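Curious how this folds, go ahead:
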Amino acid sequence: VSSAEAKLEGDQVAGIKAKCEEDASRIAAEKASCASDLAKAQPFVDEANAAIDSIKPAHIGEIKKLANPSDIIKLVFDCVLILFQLPLAGVKATKVTMAKTEIPWFEPSFKQALQMMSNPNFLAQLVEFGNTGKDMMNNE
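Next up is the predicted model:
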């Protein structure tokens, strides 16, 4: 092997090494940024997990007994239906009241939510979603 070939190969290796070091530096910065974001979010995750763990079957029964729950309760259960990938009612325009303000919206799917809550495994599914299901959510 000639010294010219060795120098050429050494230059190529140096270029690859520089690129790898640049990538490693970028990745370390991204990792630090992600760790910072996670540290900010973790208290909210812990609070949400504690809230899920505090739900008792009697709480679900109480909601099921409400003749006409507030719109915010209905909309929260629309979100639960979506998270569990269950069907919603057909879209019909209506108005809902949020923070004492009436806004145009769509008809909540509370009848479907009542069916979901009637499943004897609903509370266990909710807890399981809190433990692992949330980690499987996608941008959809």
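
Show me the helices in the protein, by range?
With helices called from DSSP state H, the chain shows them at 3-54, 57-65, 71-83, 110-118, 122-131.

Listing request: residues of this protein with sub-threshold pLDDT.
Along the chain, segments meeting pLDDT under 70 span 1.

about what we covered before: reformat the helices of the chain as a markdown table; add distance to residue 101.
Glycine gets a C-beta too; all of them are placed from N, C-alpha and C. Written out in a markdown table, the entries for the helices of the chain read as follows (distance: least, CB to CB, whole Å):
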| stretch | distance to residue 101 |
| --- | --- |
| helix 3-54 | 26 |
| helix 57-65 | 23 |
| helix 71-83 | 11 |
| helix 110-118 | 20 |
| helix 122-131 | 29 |
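
okay if I get the ones you listed as a markdown table plus distance to residue 89 and mean neighbour count?
Below are those laid out as a markdown table (distance: least, CB to CB, whole Å; neighbours: other CB atoms under 10 Å):
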| stretch | distance to residue 89 | mean neighbour count |
| --- | --- | --- |
| helix 3-54 | 25 | 10 |
| helix 57-65 | 17 | 11 |
| helix 71-83 | 9 | 16 |
| helix 110-118 | 6 | 16 |
| helix 122-131 | 18 | 15 |
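
which ones are touching residue 129?
If a contact means CB atoms under 8 Å, 6 or more residues apart in numbering, then residue 129 has 52, 83-84 as its contacts.

Check the spacing between residue 20 and residue 26 real quick.
In this structure, residue 20 and residue 26 are 11 Å apart, going by CB to CB, to the nearest Å.

To clarify, my last question referred to residue 88.
Noted for residue 88: a distance of 42 Å to residue 26, by CB to CB.

Likewise for residue 73?
Where residue 26 is concerned, residue 73 sits at a distance of 46 Å (CB to CB).
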